[in-house]
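Asks: Predicted model and sequence follow; I will ask about them next.
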Amino acid sequence: MQGELKNYTLGRGKLYFDKFAAINTEIATGERYLGNTPAITMTTAYQNLDHYSSDEGVRIRDDSVQLQVDRAGTFQCDNINMENLAMMFGIADPVDQTTVVGTAQTEDFTVKKGLWYQLGTELYADGLGTVSNVSVTVTSTPVTMDGNYQVDLDKGRIFIEDTATDIEDEDVITVTYDVAAQDRVLVVDDNTQVEGSLRFIADNPKGTNRDYYWPHVRLAPSGEFALILGPLSLLMVGQPFGPNFTSSNIASRPVKTKLADEYA
């Protein structure tokens with residue numbers, strides 16, 4: 001309302017993202033609530049070409065022409081689900097995967113004491129988990145686990161102990177194991193920025209609610225994503241396309257390496 005005074009606002013609300021079906025399109029797929037967003041900001045920057053009079057000793061600006069306007073925004077989301085994590089790495093959706101089942105699988109490793117070795121890397125880049133019935137041989141001679149190696153059955157990893165008596169550095173060991181089916185969700189980097197529409201629906205404890213809508217934005221990660229260091233959060237930058245910006249009183253037209261997995 002024009003002339004509105006003392007509309008002090010404590011901003012709160014929910015952020016929704018509608019990822020387009022493909023880049024360089026505006027084919028909507030449906031709005032997804034991103035989860036808790038502790039911070040959402042918008043910025044506008046203008047670039048002008050200034051003209052200065054040289055008629056006198058001190059130049060004076062006597063004209064200015066607007067050349068460019070840039071609108072952008074950032075949001076921080078601490079809901080670290082696989083869909084949000086995927087947006088950090090490209091447009092690809094998280095992929096459901098069920099690993100192979102096998103019995104008496106064998107792998108050879110040239111080992112050194114004090115190091116870990118991952119099973120299943122010949123089938124999957126990050127290896128296999130959920131293994132059982134693990135045994136080790138050196139030149140066909142069985143090696144007892146006690147005093148020689150340790151096994152992480154859930155992660156499919158084997159550790160050669162520093163004090164191993166039956167395994168020496170540069171020995172070639174053969175590991176035999178069974179593996180169960182494992183359901184997991186993968187996020188794969190495809191090096192393509194995510195595009196879509198962004199909607200903010202306000203629910204302020206104080207101040208007028210104003211909703212915002214950006215019909216076409218390109219998202220990009222910004223800053224650091226701390227895997228360890230208190231609460232996790234994703235910081236994303238939105239780059240709007242086009243000249244128009246609106247809020248609710250606003251509609252706007254501004255403008256394969258596996259990286260993570262989640263086990264069911």
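Replies: Nice, thanks for sending it over. Numbering: from 1, shown residues only.

Asks: low pLDDT regions in the stretch 151-264 of the chain?
Replies: Low-confidence segments of the stretch 151-264 of the chain, defined by pLDDT under 70: 223, 229-264.

Asks: what's the helix or strand for residue 89?
Replies: Residue 89 is part of no helix or strand when elements are defined by DSSP states H and E.

Asks: can you pull the contacts of it?
Replies: 187-190, 259 (Cβ atoms under 8 Å, 6 or more residues apart in numbering). Yep, even glycine has a C-beta here, placed from its N, CA and C like the rest.

Asks: That one and residue 96: what is the separation?
Replies: From residue 89 across to residue 96, the span is 17 Å (Cβ to Cβ, to the nearest Å).

Asks: And for residue 118?
Replies: Taking Cβ to Cβ, one finds residue 118 at 22 Å from residue 96.

Asks: Pick out whichever of those two has more residues nearby.
Replies: Taking other Cβ atoms under 10 Å, residue 118 and residue 96 do not tie; residue 118 has more neighbours (18 against 11).

Asks: Can you name the next helix or strand after the longest strand anywhere in the chain?
Replies: Of all segments of type strand in the chain, defined using DSSP state E, the longest is strand 60-77. Toward the C-terminus, strand 60-77 is succeeded by helix 82-87 as the next helix or strand (DSSP H and E).

Asks: Would you give the sheet partners of the next helix or strand after that following helix, along with the direction of each?
Replies: Scanning forward in sequence from helix 82-87 by DSSP H and E, the next helix or strand is strand 95-98. Taking DSSP bridges as the criterion, strand 95-98 forms sheet pairs with strand 183-189 (antiparallel).

Asks: Packing partners of the helix or strand just after the strand it pairs with?
Replies: Downstream of strand 183-189, the next assigned helix or strand under DSSP H and E is strand 194-202. Contact partners of strand 194-202 among helices and strands, from 3 or more Cβ pairs under 8 Å, 6 or more residues apart in numbering; DSSP states H and E: strand 13-19, strand 212-221.

Asks: Quick one, which of these gets closest to residue 43.
Replies: strand 212-221 (13.0 Å; Cβ to Cβ).

Asks: What is the end-to-end distance of stretch 157-172?
Replies: 16 Å (Cα to Cα, to the nearest Å).

Asks: Contacts for it next, please.
Replies: Outside stretch 157-172, the residues touching it (Cβ under 8 Å, 6+ apart) are 108-119, 127, 134, 136, 138-139, 141, 143-144, 147-152, 173, 175.

Asks: Taking these, please make a ChimeraX selection of just the buried ones.
Replies: Selection of buried members from the contacts of stretch 157-172 for ChimeraX, criterion 16 or more other Cβ atoms under 10 Å:
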select :109,111,113,117,118,119,127,134,136,138,143,148,149,151,173,175
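
Asks: circling back: which of the helices and strands packed on strand 194-202 sits most buried?
Replies: By mean neighbour count, with neighbours taken as mean count of other Cβ atoms under 10 Å, strand 212-221 ranks first of those at a mean of 20.

Asks: For that strand, which helices and strands make contact with it?
Replies: strand 194-202, strand 234-240, strand 246-247.

Asks: Verify the stated contact: residue 156 with residue 121.
Replies: No: in this structure, residue 156 is not within contact of residue 121 by Cβ atoms under 8 Å, at 9.4 Å.
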